[in-house]
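**Q** sequence plus predicted model, see below.
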Amino acid sequence: MINIQRENDASSQSLRVIQKNLQNFLGLGVAFGFEREQSSFLPQEGIAGLAGH
């Protein structure tokens, strides 16, 4: 019984970490999009270039 509870805690903890990382990633995406809107002199393929590396 204790083992099952421990596994549940571990899986929910990793799920929280994944959600947090996803939020950070989405936040970065929004920031990138915002910066690209602000500085229109940057090449459009800048983000694609970053993804390629």
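**A** Nice, I can see it.

**Q** now do Asn21 against Phe34, distance only.
**A** Asn21 sits at a distance of 20 Å from Phe34 (criterion: CB to CB, to the nearest Å). No exception for glycine: its C-beta is placed from N, CA and C like everyone else's.

**Q** before we move on, what about Lys20?
**A** For Lys20 relative to Phe34 (CB to CB), the value is 21 Å.

**Q** before we move on, what about Ser14?
**A** Distance from Ser14 to Phe34, by CB to CB: 30 Å.

**Q** do Gln19 as well
**A** With CB to CB as the criterion, Gln19 and Phe34 are 22 Å apart.

**Q** just say helix, strand or coil for Leu28.
**A** Following DSSP: H, G, I helix; E, B strand; the rest coil, we place Leu28 in the helix state.

**Q** quickly note the distance from it to Ser14.
**A** Leu28 is 21 Å from Ser14, by CB to CB.

**Q** likewise for Glu7?
**A** For Glu7 relative to Ser14 (CB to CB), the value is 11 Å.

**Q** low-confidence regions, this structure specifically.
**A** 1-2, 35-53 (pLDDT under 70).

**Q** just the element for Ser14, please.
**A** helix 2-38 (DSSP states H and E).

**Q** in that helix, what counts as buried?
**A** Within helix 2-38, no residue is scored as buried using 16 or more other CB atoms under 10 Å.

**Q** name the helices or strands packed onto that helix?
**A** Here helix 2-38 touches helix 46-52, going by 3 or more CB pairs under 8 Å, 6 or more residues apart in numbering; DSSP states H and E.

**Q** cutoff 6 Å now
**A** Packing partners of helix 2-38 (3 or more CB pairs under 6 Å, 6 or more residues apart in numbering; DSSP states H and E): none among the helices and strands.

**Q** and Val17, how far is that from Gly29?
**A** When Val17 is compared with Gly29 (using CB to CB), they lie 19 Å apart.

**Q** same check, this time on Ile18
**A** For Ile18, the distance to Gly29 equals 16 Å [CB to CB].
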